[in-house]
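**Student:** coords below, sequence missing:
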């Protein structure tokens, strides 16, 4: 009897020791941990850390929706948000890193920015049980089965027009239709990465001859955000733009605005992804928020705000201008597209 008891105790002690050893002890181990108690471990650590600092280029309505849903589920974890345009986030993170000021825990932004941060080793690859729900093309993979980010939301760029100014029969069906005399002096594009990507996509699918012909259409250029460009179309100051975000259009269309949105030959997907900062001061909270965003609850927030999601099909072909490029290649292409965009208005 004593022997049996001793064996039982020894077995229990061994099991407990192995259990303790299997728990993540470093940031790298934590980022790779997929045990059944992952959420409990992340939440317990996040409660001790107290907060997560989130840098994002999401619209205010969307990121506030994420914060509200996250803090409802995890009320003991405060979310501090720094919101800026995608081109402003990378310099801030890089500058803080050079200064040894590690403030951000995670970043949600567009692939061009995330590629730069990956190459500078500013973000840490991680695993998540939610990755199994995403197609391979939506995962930017790292070694050891980890990813740097998955595509957590997509904003589709297409042709938006004022329904009071444009007859239904005149609505273009493709890029070639934009060259018709009807559209001369009626369209505009934003001077932004969105405008750059529209021109880059036209160049890819229609060639430089098409861009030359587009110059004769007297497009106007505005240094505006996507929502401000949409509002110019709604007000009738411009009749249409091939650089309108579907999610932003749908919100106003549901409110009765004189606006409609249609896809072109391809639809540019302005994708976003969530990454963990390598020197995150609150690593448990960072991973907890990432899991929430790419899980069903976070994805519901994006869909409620009219974003597309990577794990669904849509009735148009999506184009991801940065895919297949290195960071340097993408930066070089963006500069070329930006130059062509400005030449259109000459």
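**Tutor:** Nice, I can see it. Every value quoted in this text rests on a predicted model; they were computed, and no experiment measured them.

**Student:** Distance from stretch 317-329 to the middle of the chain?
**Tutor:** Here the centre of stretch 317-329 is set off from its chain's centre by 14 Å, with Cα atoms, centre = their mean, to the nearest Å.

**Student:** May I ask which helix or strand encompasses residue 108?
**Tutor:** Residue 108 belongs to strand 106-109 when assigned by DSSP states H and E.

**Student:** err, residue 269, not the other one
**Tutor:** strand 267-277.

**Student:** and that strand, what does it pack onto?
**Tutor:** Judged by 3 or more Cβ pairs under 8 Å, 6 or more residues apart in numbering; DSSP states H and E, strand 267-277 is in contact with strand 106-109, helix 111-119, strand 123-124, strand 147-162, helix 193-206, helix 283-294, strand 318-319. Backbone N, C-alpha and C define where each C-beta goes, glycine included.

**Student:** returning to what we had before: helices or strands up against the strand holding residue 108?
**Tutor:** Using 3+ Cβ pairs under 8 Å, 6+ apart, strand 106-109 sits against strand 51-56, helix 86-98, helix 111-119, strand 267-277, helix 283-294.

**Student:** Check which helices and strands the longest one is in contact with.
**Tutor:** Spelled out, that is helix 86-98. For helix 86-98, the contact count by 3+ Cβ pairs under 8 Å, 6+ apart identifies strand 51-56, strand 106-109, helix 111-119 as packing neighbours.

**Student:** Sheet partners, orientation included, of the shortest one?
**Tutor:** The strands beside strand 106-109 in its sheet (DSSP bridges) come out as strand 51-56 (parallel), strand 267-277 (antiparallel).

**Student:** Rebuild these as CSV, extending it with mean neighbour count.
**Tutor:** Below are the strands paired with strand 106-109 laid out as CSV (neighbours: other Cβ atoms under 10 Å):
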stretch, mean neighbour count
strand 51-56, 23
strand 267-277, 25
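
**Student:** Now do the contacts for residue 204.
**Tutor:** With contact set as Cβ atoms under 8 Å, 6 or more residues apart in numbering, residue 204 has these partners: 319, 321.

**Student:** That one and residue 214: what is the separation?
**Tutor:** Using Cβ to Cβ, to the nearest Å, residue 204 is found at 14 Å from residue 214.

**Student:** And for residue 183?
**Tutor:** 10 Å.

**Student:** re earlier: possible to save the helices and strands packed on strand 106-109 as a markdown table with mean pLDDT and distance to residue 219?
**Tutor:** A markdown table is the format used below for the helices and strands packed on strand 106-109 (pLDDT from 0 to 100; distance: least, Cβ to Cβ, whole Å):
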| stretch | mean pLDDT | distance to residue 219 |
| --- | --- | --- |
| strand 51-56 | 98 | 31 |
| helix 86-98 | 91 | 22 |
| helix 111-119 | 93 | 24 |
| strand 267-277 | 96 | 17 |
| helix 283-294 | 98 | 36 |
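
**Student:** want to try CSV for those, with distance to residue 222 as columns?
**Tutor:** As requested, the helices and strands packed on strand 106-109 are exported to CSV (distance: least, Cβ to Cβ, whole Å):
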stretch, distance to residue 222
strand 51-56, 24
helix 86-98, 17
helix 111-119, 22
strand 267-277, 18
helix 283-294, 31
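
**Student:** of all these, which lies closest to residue 168?
**Tutor:** strand 267-277 (20.1 Å; Cβ to Cβ).

**Student:** tilt between the closest one and helix 86-98?
**Tutor:** Angle, strand 267-277 to helix 86-98, by axes from the mean of the first three to the mean of the last three Cα atoms, to 10 degrees: 20 degrees.

**Student:** Poorly predicted segments of the stretch 51-200 of the chain, please.
**Tutor:** Of all residues in the stretch 51-200 of the chain, none has pLDDT under 70.

**Student:** picking up where we left off before, of all the helices and strands packed on strand 267-277, which one is nearest residue 336?
**Tutor:** Closest of the helices and strands packed on strand 267-277 to residue 336 is helix 193-206, at 7.7 Å (criterion: Cβ to Cβ).

**Student:** Identify each buried residue in whichever helix or strand comes after that closest one, please.
**Tutor:** Sequence-wise, the next helix or strand beyond helix 193-206 is helix 208-215, with elements assigned using DSSP H and E. In terms of neighbour count (16 or more other Cβ atoms under 10 Å), helix 208-215 has its buried residues at 211, 214.

**Student:** The helix or strand just after helix 208-215 - contacts with which helices or strands?
**Tutor:** Next helix or strand after helix 208-215 toward the C-terminus (DSSP H and E): strand 220-222. Using 3+ Cβ pairs under 8 Å, 6+ apart, the elements in contact with strand 220-222 are strand 188-190, helix 226-235, helix 327-344.

**Student:** Just name the most buried of those.
**Tutor:** Ranked by mean neighbour count, these are led by strand 188-190 with a mean of 23 (mean count of other Cβ atoms under 10 Å).

**Student:** How far away from the center of its chain is that strand?
**Tutor:** Chain-centre distance of strand 188-190: 22 Å, with Cα atoms, centre = their mean.

**Student:** do the same with stretch 144-160
**Tutor:** With Cα atoms, centre = their mean, you get 5 Å for stretch 144-160.

**Student:** what does stretch 34-42 give?
**Tutor:** On the basis of Cα atoms, centre = their mean, stretch 34-42 sits 25 Å off its chain's mean C-alpha point.

**Student:** Nice, that's everything, thank you.
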